[in-house]
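J.: below are the sequence and a predicted model; questions follow.
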Amino acid sequence: MKNIKGLMLIVLALLTGLAAAAYATGWVAQRAGVAANKVVVAAVDIELGSRITPEMVTVADWPAGSVPPGAFGQIKDVQQRTLKTSLARGEPVIERKVAPVGTQGGLSAVIAEGKRAMTVRVNDVVGVAGFALPGTYVDVMVNTQQERGHNEPPRQVSKTVLEQVLVLAVAQEAGRDATKPKVVSAVTLELSPQDAEKLDLARSVGSLSLVLRNQVDKQMVDTRGITKDELFGVEPARPPAAPTPRPKVVRTVASAGTCVEVLRDGHRYLSCF
């Protein structure tokens, strides 16, 4: 009886093993039957602005149904192309992440079409304590003396002059993978030609400050600025009231005596005595 039970256990174990082997064979065959394409991927982490060399990339099998649009199939297609964004190891190289053919490496390849790069000097306060990193967005504020004319003294005012400005680089670093703050002496911003003119004028008439903003917040806010008096709740000085004009007296001589003609508030009065 014991021999029969042992034999049954051996047979059951054999059947279970055969079933597992058949399932594994079918799974492997199914995986082998999935169509795959060759896609160029990063072999190492690559910083933006770098020119791709054959040592930086490799070709990997990619499921045909999920090949990203604009992917390259051969290394020669991406050789000497300049990256507009950083790539992590294993990430596919696609057309929208590389600059046009012939673009030289460096920061100039990262600047969007129609934009300009402009560098401004900052300190640890103006530079948002080092949190204005490449890839973040800032607003630019100027503090200056506003001329008012009419023999009135200038007033101090702070005003936001630029909004939603992309930080391209801090100091000489353009990498966007770092998250730790970096206190630097200069920040490079991406601007339109008109905004570049505004920034150049703003830094010549006053001191600049950067205001860090949420990367997904695209709302523009048109502020009128704030003056020193408004900050401390001081009522603006009112101009002195104009003096009341004195009545104009005109003396005339009549046959009945002397008459006095008085002009008051636009009205004419005649009084004789």
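T.: Yes, it's here.

J.: and the strands in the stretch 151-273 of the chain, which stretches?
T.: 155-170, 186-191, 206-213, 226-227, 248-254, 257-264, 267-272 (DSSP state E, counting those that start in this stretch).

J.: by mean pLDDT, which helix or strand of the chain comes out lowest?
T.: Ranked by mean pLDDT, DSSP states H and E, the helix or strand of the chain with the weakest confidence is strand 248-254, at a mean of 50.

J.: quick one, helices of the stretch 1-150 of the chain?
T.: Shown for the stretch 1-150 of the chain, the helices assigned by DSSP state H, counting those that start in this stretch span residues 2-32.

J.: strands of that one, start to end?
T.: 36-42, 57-63, 116-121, 137-146.

J.: for Gly70, which of those strands is the nearest?
T.: strand 36-42 (10.7 Å; C-beta to C-beta). Every C-beta, even on glycine, is put in place using the N, C-alpha and C of the backbone.

J.: ok now the closest one, how far from the chain's centre?
T.: Going by C-alpha atoms, centre = their mean, to the nearest Å, the spacing between the C-alpha centre of strand 36-42 and its chain's C-alpha centre is 32 Å.

J.: compute the inter-axis angle for it and strand 57-63.
T.: 140 degrees (axes from the mean of the first three to the mean of the last three C-alpha atoms, to 10 degrees).

J.: tell me the average confidence for strand 36-42?
T.: For strand 36-42, mean pLDDT is 88.

J.: by contact count, what packs against that strand?
T.: If contacts are counted by 3 or more C-beta pairs under 8 Å, 6 or more residues apart in numbering; DSSP states H and E, strand 36-42 sits against strand 57-63.

J.: pairing partners for the strand it packs on, with directions?
T.: Here strand 57-63 is paired, per DSSP bridges, with strand 36-42 (antiparallel).

J.: for the partner strand, buried residues please.
T.: The neighbour-count check on strand 36-42 (16 or more other C-beta atoms under 10 Å) flags 39-42 as buried.
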